[in-house]
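Chemist: mind folding the following:
(4 chains)
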There are 2 protein chains.
Amino acid sequence: MKISTKGRYAVRVMLDLAANNTGEYIKVKNIAERQDISDKYLEQIIAILNKAGYVRSVRGAQGGYKLAKDPSKYTVGMILRLTEGSLAPVACLDTPDGTVDCDKCDSCETLEVWKELAAAINNVVDNITIADLLERQKARLQDFYVI
Amino acid sequence: MKISTKGRYAVRVMLDLAANNTGEYIKVKNIAERQDISDKYLEQIIAILNKAGYVRSVRGAQGGYKLAKDPSKYTVGMILRLTEGSLAPVACLDTPDGTVDCDKCDSCETLEVWKELAAAINNVVDNITIADLLERQKARLQDFYVI
DNA sequence: AGTAATTCCTATTGACATAGTAGGATTTCG
DNA sequence: CGAAATCCTACTATGTCAATAGGAATTACT
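Modeler: Residues are numbered from 1 along each chain as shown, chains lettered A, B, ... in the order given. All right, here's what the predicted structure looks like:
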């Protein structure tokens, strides 16, 4: 029941892009340094975000990445599902529609548990956006400087 | 973010023992047949439940297993944590106490997300007992025969 | 006492996923 | 043209999952 580094790093990348947005394109190398992640590994992760259109890229010298839309448009759930695959706690629940992929789900008492669990998980990750995280971060930095 | 078969099977075993409780000891073979699980694999899973004292066993011919306590004493969370290990969605949160095992948790904005997620997960699995599942099962069987 | 049934214990295996590392092709700015 | 950056693909080491396998120890029944 662990979220992999791929998913966690992807969220941090999106937050980093939001936090360091100046309108300029941001290089992988800089993100990797700030986040203390291997830049080669980060490349692969950001490639997923790029293919999905979550970020825009410019190639070549002075190139880099920036968020495609406003931070408020990206939920943690979107990012995790994109990079991790489904967040469903059991395989029979990770269908694109809401159906159940199991031949004996009719007599499966535990299925209800997993459905409740899936709903609880979704409820958390789908209700936190990158903008929310950014706001929290700013609030914390404020506190830091005030003290 | 999947729950493994170990955890899922363990819950089903506990429910099976509760549902088929007649005071007699129940054999692994019978549980395996009813649940359609390899009995050799089930042996290993039930061994975990046994060592933790969740079930009582009698060896030898006519031996078997039964729940150690009332079904209401076992939550799904207890069983999953026992068999799966921690349910924390990130490694830095699976400490026995509530502490965080990460050197830069102070500046980790995403940690809050994982904490909320962990709380949501716990809230579901810690509030469903085997007795609850048993009740639902009985209700469903009732419906079946009435129709 | 002997035998069948059952739990108990440990080792092994094949398949797959994770978390990177590595190398170079391609594109673009200066 | 050359340096800097993204893009693309292959490889690898490690570990986990989900069993399978074989036999040792224990007990009830005849």
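
Chemist: quickly note the distance from the residue nearest the centre of chain A to DNA strand C.
Modeler: Nearest to the geometric centre of chain A sits A:I79, at 2.8 Å (Cα atoms, centre = their mean). Here A:I79 is placed at a distance of 15 Å from DNA strand C (Cβ to the nearest atom of the strand, to the nearest Å). No exception for glycine: its C-beta is placed from N, CA and C like everyone else's.

Chemist: for A:T129, same thing?
Modeler: Counting by Cβ to the nearest atom of the strand, the gap between A:T129 and DNA strand C amounts to 23 Å.

Chemist: how many neighbouring residues does that residue have?
Modeler: For A:T129, the tally of surrounding residues (other Cβ atoms under 10 Å in any protein chain shown) stands at 21.

Chemist: what is it paired to in the beta sheet?
Modeler: Beta bridges link A:T129 to A:T75 when assigned by DSSP bridges.

Chemist: surely it touches A:K69?
Modeler: No - between A:T129 and A:K69 there is no contact under Cβ atoms under 8 Å: 10.8 Å.

Chemist: so A:L15 sits against A:D132, correct?
Modeler: No - A:L15 is not in contact with A:D132 according to Cβ under 8 Å; the separation is 10.0 Å.

Chemist: those two - which one has more neighbours?
Modeler: In this view A:L15 and A:D132 are compared by other Cβ under 10 Å, and A:L15 has more residues nearby, 25 against 18.

Chemist: unless I'm mixing things up, A:E109 is touching B:E135, no?
Modeler: No - taking contact to mean Cβ under 8 Å, the distance of 9.9 Å between A:E109 and B:E135 leaves them out of contact.

Chemist: which of the two has more neighbours?
Modeler: The residue with more neighbours, out of A:E109 and B:E135, is A:E109; 19 against 14, by other Cβ under 10 Å.

Chemist: next, that one: phi, psi?
Modeler: phi -70, psi -30 (degrees, to the nearest 10).

Chemist: show the contacting residues for it.
Modeler: Listed by Cβ atoms under 8 Å, 6 or more residues apart in numbering or on different chains, the contact set of A:E109 reads B:L15, B:L133, B:R136, B:Q137, B:R140.

Chemist: and the fourth one, how many neighbours?
Modeler: Right, B:Q137. A count of nearby residues for B:Q137, using other Cβ under 10 Å, gives 16.

Chemist: secondary structure class for whatever residue of chain A ends up closest to DNA strand C?
Modeler: Among the residues of chain A, A:G60 lies nearest to DNA strand C; the distance is 2.1 Å by Cβ to the nearest atom of the strand. Here A:G60 takes the coil state, with states given by DSSP: H, G, I helix; E, B strand; the rest coil.
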